[in-house]
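>>> Provide a 3D model corresponding to the input given below.
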Amino acid sequence: MRSMRWRSPRDLLFSSEDFTQTRQLKPRPRDINIRKLIHITEDRHLTPIRAVALAALLSASGSAQPIEAKLNDFTIAVDDLPAAKRLYSSLGFLMTGGRSGNSGEIDNSMSAFRDGGGLALFATRERVKAGDSQTDLEIVSAEQVARELNRAGLKMNDPRPGSRTWNLTNGPVTTKWLSLRFAEHVNSRPVYFVQILDVAAFRIARPRPAQPNSAISLSALLIAVNDPDKAAAGYGNIGKLSPTEIKLPEFGAFAKEIILARGSIFLLRSADPSGPTAQHLKSRGEGILGVRLAVSDLDQTRKVIGEKNISKDKRFVLVSPENAAGAWLQFLR
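Next up is the predicted model:
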């Protein structure tokens, strides 16, 4: 009898060979309903054994523990940093200077929130244009997250160390971290990971004072996508994917939510051809539409934002990209 080389479920699923030993398979009662899955996948020309492989992959992904990640800093590139800093200051954010560039000039401006996360404005550089944005997710171990995502089939680059020295009134403070990025850039996944190596130094370097607009945390990242299911698959087991869609009429969209250890990622599909999500997809393609910010006093937020608030819904304050350097800002209690 000719021996068969062992194949993983992924090998079987994507193999071009047709195995005739399928009749010998006897799924146990506690396994996924293989027969039902085979019936569903007949139109896709999957042989029964490939359907078994697909079931195994789905079962494995379903049992994987969610990777704990916290929504951290939202960054957006701007052409005129001083002007953008003044703009965000007028929206009630306390903006501070960031690191120095190669020629000694300040090339970013930041604001940190009491309960977590922050935002940063970056001067545009080579291969980065105004309006480009991304967000980092804070994790405990870059090495562990890299292993888990690689195991899930999402190829990761090796963690890279980074540091920054802050010249403060009481002397310089150096912060250190590890950054972890996906090997493949995908517009529907504009995130990367950061492991903070010295929490105490970060707390000194980045104080979190009360914001005039009462913002207390970065609560959600809003990403415009063409296919939420496909986009969600690109996040693997980062956080927990909610099974239901959420209606977001202010953005002309329905959204799938990935719930993180702190904050959420919303994947928005257009539900209105003239709405903000559809317009973003048409003009810029997939990517970050904006962010949600939690506030402690919505009346105070509304007072500070003033006429730049275009929301007709009293439950939140909304600022359009024209008044926020290219991103929607939504403030909620």
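
>>> if I look at D136, how far off is S242?
Distance, D136 to S242, using C-beta to C-beta, to the nearest Å: 22 Å. (Each C-beta comes from the backbone N, C-alpha and C, glycine too.)

>>> more crowded one of the two?
Set D136 next to S242 and count neighbours by other C-beta atoms under 10 Å: D136 wins out with 22 against 15.

>>> that one and N213, how far apart?
For D136 relative to N213 (C-beta to C-beta), the value is 22 Å.

>>> quick check: buried residues in stretch 268-287?
Residues of stretch 268-287 classed as buried: 268-271, 275-281, 286-287 (neighbour count, 16 or more other C-beta atoms under 10 Å).

>>> poorly predicted segments of this structure, please.
Scanning the chain for pLDDT under 70 picks out 1-63, 98-106, 126-127.

>>> how's it carved up into domains?
28-63, 70-205, 215-332 (automatic domain parsing).

>>> return the most buried member of these.
Most buried of these, by mean neighbour count (mean count of other C-beta atoms under 10 Å): domain 215-332, with a mean of 19.

>>> looking at this, A232 is in a strand?
No - the assignment for A232, made by DSSP: H, G, I helix; E, B strand; the rest coil, is helix rather than a strand.

>>> thought it was touching K256?
Yes - with contact defined as C-beta atoms under 8 Å, A232 and K256 form a contacting pair (5.7 Å).

>>> anything in contact with each of those two?
Counting by C-beta atoms under 8 Å, 6 or more residues apart in numbering, the contacts common to A232 and K256 are L241, L267.

>>> so how far is T175 from F182?
F182 is 23 Å from T175, by C-beta to C-beta.

>>> next one: K256
34 Å.

>>> and A200, by the same measure?
Distance from A200 to T175, by C-beta to C-beta: 10 Å.

>>> which residues of the chain fall in helices?
Using DSSP state H, the helices of the chain run over 9-14, 34-40, 48-63, 81-90, 142-151, 199-205, 228-233, 276-283, 298-305.

>>> wait, what's in contact with G118?
Each residue near G118 by C-beta under 8 Å, 6+ apart is listed here: N72, D73, F74, M110, S111, A112, R206, L218.

>>> what's the distance between it and P207?
11 Å.

>>> for D158, same thing?
For D158, the distance to P207 (C-beta to C-beta) stands at 32 Å.

>>> do I258 as well
Distance, I258 to P207, by C-beta to C-beta: 30 Å.

>>> still on that earlier bit, give me the subset of the contacts of G118 lying in strands.
Residues of the contacts of G118 located in strands (DSSP state E): N72, D73, F74, M110, S111, A112, L218.

>>> so what's the closest residue to the last one other than its chain neighbours up against?
Just to be clear, that refers to L218. Excluding its sequence neighbours, the residue lying closest to L218 (C-beta to C-beta, 6 or more residues apart in numbering) is G117, at 3.1 Å. By C-beta under 8 Å, 6+ apart, G117 lies in contact with K70, L71, N72, D73, F74, S217, L218, S219, R262, G263.

>>> let's have these in JSON lines, adding distance to P82.
Listed next are the contacts of G117 as JSON lines, based on distance: C-beta to C-beta, whole Å:
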{"residue": "K70", "distance to P82": "31"}
{"residue": "L71", "distance to P82": "27"}
{"residue": "N72", "distance to P82": "25"}
{"residue": "D73", "distance to P82": "20"}
{"residue": "F74", "distance to P82": "20"}
{"residue": "S217", "distance to P82": "27"}
{"residue": "L218", "distance to P82": "23"}
{"residue": "S219", "distance to P82": "28"}
{"residue": "R262", "distance to P82": "31"}
{"residue": "G263", "distance to P82": "29"}
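
>>> quick check, nearest of those to N167?
N167 lies nearest to D73 out of the contacts of G117, by C-beta to C-beta, at 20.3 Å.

>>> measure that closest one to G117 for me?
Distance from D73 to G117, by C-beta to C-beta: 6 Å.

>>> next, show the common contact partners of those two.
L218.

>>> what sits in contact with each of G118 and P207?
Shared contacts of G118 and P207, defined by C-beta under 8 Å, 6+ apart, are found at A112.
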